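Chemist: Structure for this input, please:
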Amino acid sequence: MKRYIVAVVLVVLLISALTACAAATRQEEAPAPVMERLAVATVVVERDVAAWSVQPETAAAVSSDEVLQEIAQAERKVIYNANMTLTVTDTDATARKIEEMATNMGGYVANMNAWRGQGDIMYYTITLRIPADQFDAAREALRQMAVRVDSDNISTDDVTDQYYDIEARLKALRATETELLELLAETRERGGSVEDIMSIHRELSRVQGEIESLQGQLNRLDKLVAFSTISVDLRPHELAQPITTDEWQPLETLRNSIRTLVRALQGLLDLTIYLVVVVLPILLILAIPLALFVLLIRRLARRTKKE
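Modeler: So this is what the prediction gives:
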């Protein structure tokens, strides 16, 4: 009987030990709550984005040496712009040459405005987009087309820090996007609540929106850096302007002269009417008291003389 009791006790103890081990194992293998992991992911992306939103000097304190070394060794991102005013013998032919030059250099004409000026000559304002490595060659070719270069201005915009700042922020956001996608898949597999899944979706949508915005900025900077902008104003040379008599119109001059004479006569007639209607009555009204006063003075003078 004692042996039976001992055996039963041992079996109970063994079952309890196995149950405790299984519970401990499940506790160790159980994943962290979904909301806690989502909060950690949010904090990480905000930290990484904030770290790369500061100036390069501050970013050095929060970034790895490897990333900083890559930025230091990367090529600089510079946007080149030029404005030129050229005096040419034939504006039409020069405009065609400029368009052909841009195409041959791998660029294109972004904008062209033309208008007819004095002497029936065309004036042009042309905006070119030229590959950055052809910037100097294009300017030199434009100078060769001109009789005289009236102005030639160059401006640059160094966007290196801005470019690699956006690139690093994109890297951090894409890493967070991958983590959120894995967390979403894991939550669905484990039958997570709808609230947890929607929370992950909201955070994932926010991160993907920031990625699209930053990628758009990066693409725009890539285009501006890859192609330089040259604005050209074409003016005709004085010797190229034809001598014509189209501007002399004697009939128009005669018509204008007659019109001026008629307006002068109308002015004189208006002045006469004004004097008769307005000024003359006022003078008469003022003359009556003055005449009475003069007569009174003369009468007094005569009486004084007689006495």
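
Chemist: Could you use CA atoms for every contact and neighbour count after this?
Modeler: Fine.

Chemist: Show me where the stretch 1-150 of the chain dips below the pLDDT cut-off.
Modeler: Applying pLDDT under 70 to the stretch 1-150 of the chain flags the ranges 1-74, 119.

Chemist: And the closest residue to R76 other than its chain neighbours, how close does it get to Q134?
Modeler: Nearest residue to R76 in three dimensions, chain neighbours excluded: T160, at 5.3 Å (Cα to Cα, 6 or more residues apart in numbering). Distance, T160 to Q134, using Cα to Cα, to the nearest Å: 20 Å.

Chemist: Strands of the stretch 201-307 of the chain, start to end?
Modeler: 227-236 (DSSP state E, counting those that start in this stretch).

Chemist: pLDDT weak spots in it?
Modeler: Scanning the stretch 201-307 of the chain for pLDDT under 70 picks out the ranges 239-248, 307.

Chemist: Name the single longest helix found in the chain.
Modeler: If you go by DSSP state H, the chain has its longest helix at helix 194-226.

Chemist: rewinding a little: next, the contact list for the residue nearest to R76, please.
Modeler: Residues in contact with T160 (Cα atoms under 8 Å, 6 or more residues apart in numbering) are R76, K77, V78.

Chemist: What's the ChimeraX line that selects buried ones from these?
Modeler: In ChimeraX syntax, the buried subset of these is picked out as below (16 or more other Cα atoms under 10 Å):
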select :77,78
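
Chemist: Just the buried positions in the longest helix of the chain, please.
Modeler: Residues of helix 194-226 classed as buried: 196-197, 200, 203-204, 207-208, 211, 214, 218, 221, 224-226 (neighbour count, 16+ other Cα under 10 Å).

Chemist: what's it packed up against?
Modeler: Counting contacts by 3 or more Cα pairs under 8 Å, 6 or more residues apart in numbering; DSSP states H and E, helix 194-226 is packed against helix 34-53, strand 78-88, helix 160-189.

Chemist: Go again with 10 Å.
Modeler: helix 34-53, strand 78-88, strand 122-131, strand 148-158, helix 160-189 (3 or more Cα pairs under 10 Å, 6 or more residues apart in numbering; DSSP states H and E).

Chemist: The fourth one: how far from the chain's middle?
Modeler: Between the mean C-alpha location of strand 148-158 and the chain-wide mean there is a distance of 20 Å, by Cα atoms, centre = their mean, to the nearest Å.

Chemist: got the angle for it vs helix 194-226?
Modeler: 150 degrees (axes from the mean of the first three to the mean of the last three Cα atoms, to 10 degrees).

Chemist: for H201, what are its contacts?
Modeler: Each residue near H201 by Cα atoms under 10 Å, 6 or more residues apart in numbering is listed here: L180, L181, L184, E195, V207.

Chemist: This completes my enquiry, with thanks.
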